[in-house]
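1. Give me the fold of what follows.
(2 chains)
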Amino acid sequence: TQLLEQSPQFLSIQEGENLTVYCNSSSVFSSLQWYRQEPGEGPVLLVTVVTGGEVKKLKRLTFQFGDARKDSSLHITAAQPGDTGLYLCAGASPSGTYKYIFGTGTRLKVLA
Amino acid sequence: GAVVSQHPSRVICKSGTSVKIECRSLDFQATTMFWYRQFPKQSLMLMATSNEGSKATYEQGVEKDKFLINHASLTLSTLTVTSAHPEDSSFYICSAREWGGPEAFFGQGTRLTVV
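-> Now for the predicted structure:
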C-alpha cells in the first residue's frame, strides 16, 4: 500500500512568514499533485509535477518533486491569511491507472 | 475548462434509505472517475476507481454492495450509498480524468448526513 506522509500536520504562522510543507513516501509516483481545500468544498488543484527534480512556481508558491519521485515539497513565501486551508499532496501510481493516493494533509492557518 | 460537477452538494437522509450522488464532467470526456470519502479534519480516502463501461475497482475495506458505482457514460458516474447508516455520514468527493491526461479534476463534494 502506498502511503504519503505530510509534515507538519498543523501549522500556525504569522502573516509574512515563510513555510515549507513536506510530502514523503517510500513509493515512486509517476506524478504528484498539490491541492488546497477549504472547509466544505472539494480540493482545488494547485500544481502537477511529473519529472524528478522538477520545480514549479505559482506566484508565492514553489513546488518541488524529488529526484527519485518519492517526495515533494511546497514552499510558501510571505504567507497571507488567504493561504489558510488544508494542503494535500496526492501521488499517482506508476501502474498507469492514474489512481491518486492522498497524503495525510497539512492544515495551515495564517494569522493577520 | 475541466469542470466537474457533483450533485447534490448536501443531502440528509433517514437511516435505512439509499442515496445517489452524481458526478458529471461538463466539458470533457472522463474515461476514469474516482470516488473519495473524507471524514472531518482528515484527508481523502480513495473508495473506488471506475472506468466507463466497466465495473468499478474498489479499494480494500470498501463494501462494493453498499457503495454502488455506475459509470455508464463518458460524462457521468454515480455513487449510491445503499441502506445508509449514521456511520456513512461523510463528505464524498469525485474526481474525473480525461483519457491521456495526467490530471484529475475534483467535484465540489457532497455532504451526506444520515439521521
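2. Would you mind listing what in chain B touches chain A?
-> B:6, B:32, B:34, B:36, B:41-46, B:49, B:60, B:91, B:93, B:95, B:97, B:102-109, B:111 (CB under 8 Å from any CB of the partner chain). Bear in mind the C-beta positions are built from the backbone N, C-alpha and C, glycine included.
3. Residue B:113 bridge partners, please.
-> residue B:12 (DSSP bridges).
4. who's in contact with it?
-> B:10-13, B:89 (CB atoms under 8 Å, 6 or more residues apart in numbering or on different chains).
5. And the strands in chain B?
-> B:4-7, B:10-13, B:19-25, B:30-38, B:44-51, B:57-58, B:67-73, B:76-81, B:90-98, B:104-106, B:110-114 (DSSP state E).
6. Just put these in a markdown table and tack on mean pLDDT.
-> Listed next are those as a markdown table, based on pLDDT from 0 to 100:
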| stretch | mean pLDDT |
| --- | --- |
| strand B:4-7 | 94 |
| strand B:10-13 | 96 |
| strand B:19-25 | 95 |
| strand B:30-38 | 91 |
| strand B:44-51 | 91 |
| strand B:57-58 | 94 |
| strand B:67-73 | 91 |
| strand B:76-81 | 96 |
| strand B:90-98 | 91 |
| strand B:104-106 | 84 |
| strand B:110-114 | 95 |
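7. Among the contacts of residue B:113, name the buried ones.
-> B:11, B:13, B:89 (16 or more other CB atoms under 10 Å in any protein chain shown).
8. how far away is the last one from residue A:39?
-> In this structure, residue B:89 and residue A:39 are 16 Å apart, going by CB to CB, to the nearest Å.
9. Pull the residues that contact the host helix or strand of residue A:87.
-> Per DSSP states H and E, residue A:87 falls inside strand A:85-92. Residues from elsewhere that reach strand A:85-92, judged by CB under 8 Å, 6+ apart: A:2, A:4, A:6, A:21, A:23, A:25, A:27, A:29-38, A:43, A:72, A:74, A:98-103, A:105-108, B:43-44, B:102.
10. so who does the most centrally placed residue in chain B touch?
-> Nearest residue to the geometric centre of chain B (CA atoms, centre = their mean): residue B:35, 3.7 Å. Contacts here follow CB under 8 Å, 6+ apart; on that basis residue B:35 touches B:23, B:46-48, B:50, B:67, B:69, B:77, B:79, B:92-94.
11. okay if I get those as a markdown table plus distance to residue A:56 and neighbour count?
-> Formatted as a markdown table, the contacts of residue B:35 follow (distance: CB to CB, whole Å; neighbours: other CB atoms under 10 Å in any protein chain shown):
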| residue | distance to residue A:56 | neighbour count |
| --- | --- | --- |
| B:23 | 28 | 28 |
| B:46 | 24 | 18 |
| B:47 | 29 | 23 |
| B:48 | 30 | 23 |
| B:50 | 30 | 26 |
| B:67 | 35 | 19 |
| B:69 | 33 | 24 |
| B:77 | 30 | 31 |
| B:79 | 32 | 26 |
| B:92 | 30 | 24 |
| B:93 | 24 | 25 |
| B:94 | 26 | 31 |
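12. from the residues you listed, which single one is nearest residue A:93?
-> residue B:46 (10.4 Å; CB to CB).
13. Relative to residue A:62, how far out is the closest one?
-> Residue B:46 is 27 Å from residue A:62, by CB to CB.
14. Please name whichever of the strands of chain B is nearest to residue A:57.
-> Using CB to CB, the strands of chain B put strand B:104-106 closest to residue A:57, at 21.7 Å.
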